[in-house]
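Trainee: Kindly return the folded structure for what I paste below:
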Amino acid sequence: MGDGALPGQKTRGDYDAFLREWQAVTEDGVPAVEARHGPRGLAATLEQLAGSAGSVETWEHELLPARVRGYQRELL
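Mentor: Below is the predicted model:
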């Protein structure tokens, strides 16, 4: 196995893949086809990420655009 996981145990890579799928983000940081969009999509994303830490710049340039299709600051 080589990754230190026991049989049936999940790895960090498995967890990362789960988060990308749950948050509708592709590996390259582009919103997936089924990504949320518009004000309701933004609200759902903010609810999902509540409690997450990051600078305003990180939220506006990385986190939200990767999860909300067509994200624009004006949606806030």
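
Trainee: Got the phi and psi for the residue lying closest to Gly70 once chain neighbours are set aside?
Mentor: Once flanking residues are discounted, Gly70 sits nearest to His37: 5.6 Å by C-beta to C-beta, 6 or more residues apart in numbering. To be clear about C-beta, it is placed using only N, CA and C from the backbone, and glycine gets the same treatment. The phi/psi pair for His37 (degrees, to the nearest 10) reads phi -150, psi 160.

Trainee: now the one 4 residues further on
Mentor: With angles defined as degrees, to the nearest 10, Gly41 shows backbone torsions of phi -60, psi -40.

Trainee: Tell me the spacing between it and Leu64.
Mentor: Per C-beta to C-beta, to the nearest Å, Gly41 is found 10 Å from Leu64.

Trainee: Glu47 too?
Mentor: Counting by C-beta to C-beta - Glu47 and Leu64 are separated by 13 Å.

Trainee: Comparing those two, which shows the higher neighbour count?
Mentor: Leu64 (21 against 8; other C-beta atoms under 10 Å).
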